[in-house]
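Undergrad: Got a predicted structure plus its sequence, pasted below:
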Amino acid sequence: MYAIVEIAGQQFKVEKDRKVYVHRLDAEEGSQVEFEKVLLMDNNGEVQVGTPQIEGVKVVAKVVKHLKGDKVIVFHKRRRNGYKKKRGHRQYLTQVLIEAIQS
């Protein structure tokens, strides 16, 4: 059983007991969160597709921890002009553990 859920503007495929990294959520570590924007649900071959979302289905998850992602280097250079610019970025993430898909 799996579901496609929209979390913080992005779509994720989630299953029970799977950890997912999402954009930073405003929730405390150890607290439960519910995601109600379920776009698709597959229950052992029986597929439900929402228009745009499925009513009455929600995903219950637990916030495991808040962290920062790997550093991404952004480097700009124009040759023969002496122009170089190097910047880095680390995305703030939240690790959530999917506890249940309730229909």
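TA: Arrived safely, thanks for sending. Residues are numbered from 1 along each chain as shown.
Undergrad: what kind of secondary structure is the residue of the chain most remote from its centre in?
TA: Note on the chain: the largest separation between a C-alpha and the mean C-alpha position, by Cα atoms, centre = their mean, falls on R80 (42.0 Å). Using DSSP: H, G, I helix; E, B strand; the rest coil as the criterion, the local structure at R80 reads coil.
Undergrad: The spatially most central residue of the chain is in what secondary structure piece?
TA: Geometric centre of the chain, nearest residue: V22, 3.1 Å, by Cα atoms, centre = their mean. Under the criterion of DSSP states H and E, V22 resides in strand 19-23.
Undergrad: do T94 as well
TA: Remark: T94 resides in strand 92-102, with elements defined by DSSP H and E.
Undergrad: Over to E29?
TA: Assessed by DSSP H and E, E29 sits outside every helix and strand.
Undergrad: got the phi/psi numbers for it?
TA: Phi and psi for E29, reported as degrees, to the nearest 10, are phi -70, psi 130.
Undergrad: distance of it from K65?
TA: Using Cβ to Cβ, to the nearest Å, we find E29 at a distance of 6 Å from K65. Placement of C-beta: from N, CA and C, glycine included.
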